[in-house]
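*Asks:* Let's see this in three dimensions:
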Amino acid sequence: RSVALAADNVITRVGPYVRICVIGGADFQKSDTKALTASLASNLSTALMGKAIFITCGMAGVQETFAKSCPRTLKVFNLVPKGGRSNYGAGFDIEVGDNSEELRNVFLQA
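*Replies:* Okay, the predicted model is just below:
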């Protein structure tokens with residue numbers, strides 16, 4: 001029940017946009033993957049400006065690179081556990097859940 005309520009709060013906060021959830025690990029498996037992630041973020045941001053927002057789980061690596069590669073005018077939301085921070089310097093952090101498992105469950109429903 002609390003996960004559903006937290007997901008509803010995230011949906012209310014991010015607004016009536018298409019929500020695109022960004023997943024990816026803390027490490028890049030191939031040398032060109034970081035550049036590809038940055039390019040994808042930039043191109044999607046341009047194409048979807050005003051139509052969609054992006055949501056991450058506040059993780060370093062793929063999610064951080066994606067968030068930092070979006071223009072500041074695009075809304076990126078980083079879900080973090082209560083008391084946590086993404087430390088991206090990009091997007092808006094939203095505290096959800098008491099731990100990473102609760103955060104993932106909210107992420108899946110948002």
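*Asks:* okay, CA-based contacts and neighbour counts for the rest of this
*Replies:* Noted.
*Asks:* Return the residues in contact with Ser86.
*Replies:* Residues in contact with Ser86 (CA atoms under 8 Å, 6 or more residues apart in numbering) are Gly58, Met59, Ala60, Asn78, Val80, Asp93.
*Asks:* can you check Ala7 too?
*Replies:* Per CA under 8 Å, 6+ apart, neighbours of Ala7: Val106, Phe107, Gln109, Ala110.
*Asks:* Try it again at 6 Å.
*Replies:* Val106, Gln109, Ala110 (CA atoms under 6 Å, 6 or more residues apart in numbering).
*Asks:* quick one, strands of this structure?
*Replies:* Assigned by DSSP state E, the chain shows strands spanning 18-21, 52-56, 76-80, 92-95.
*Asks:* Export the contacts of Ser86 to JSON lines and append columns for neighbour count and pLDDT.
*Replies:* JSON lines is the format used below for the contacts of Ser86 (neighbours: other CA atoms under 10 Å; pLDDT from 0 to 100):
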{"residue": "Gly58", "neighbour count": "26", "pLDDT": "94"}
{"residue": "Met59", "neighbour count": "20", "pLDDT": "94"}
{"residue": "Ala60", "neighbour count": "16", "pLDDT": "95"}
{"residue": "Asn78", "neighbour count": "27", "pLDDT": "96"}
{"residue": "Val80", "neighbour count": "25", "pLDDT": "96"}
{"residue": "Asp93", "neighbour count": "22", "pLDDT": "96"}
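*Asks:* With that, I have no additional questions.
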